[in-house]
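A.B. asks: no sequence for this one, just the structure:
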């Protein structure tokens, strides 16, 4: 879910070529294999900001929104919260979400 959301977010904003290059970067330079993406989202959000500058925060927020949607959890933007805060909240809500 996380890799898919990351690829979709970057493709929507910057295109497929940049998305593919970024996924390769997370794997090769950051040492984040696809199967560990969900465990290393903080590093991914940080890398988005370091690579894309202020635009990285915009990408990060779009990624957070997409992750909430894929998890079936309502997203509400709250002034003062960081991307890390939203990520913590998503993880907490996902763990508390009843399974069908």
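C.D. replies: Arrived safely. Not measured: the values here are computed from a predicted model.
A.B. asks: name the element residue 66 belongs to?
C.D. replies: Assigned by DSSP states H and E, residue 66 falls within helix 54-71.
A.B. asks: show me how far that helix is from its chain's centre.
C.D. replies: 5 Å (Cα atoms, centre = their mean, to the nearest Å).
A.B. asks: can you tell me which residues contact the most centrally placed residue in the chain?
C.D. replies: Centroid-nearest residue in the chain: residue 63, 4.1 Å away (criterion: Cα atoms, centre = their mean). Residue 63 makes contact with 5, 6, 9, 44, 45, 48, according to Cβ atoms under 8 Å, 6 or more residues apart in numbering. In short, each C-beta sits where N, CA and C put it, glycine included.
A.B. asks: pLDDT value on it, please?
C.D. replies: Note on residue 63: pLDDT of 93.
A.B. asks: and what of residue 35?
C.D. replies: 81.
A.B. asks: burial check on it, number of neighbours?
C.D. replies: Residue 35: 9 surrounding residues under other Cβ atoms under 10 Å.
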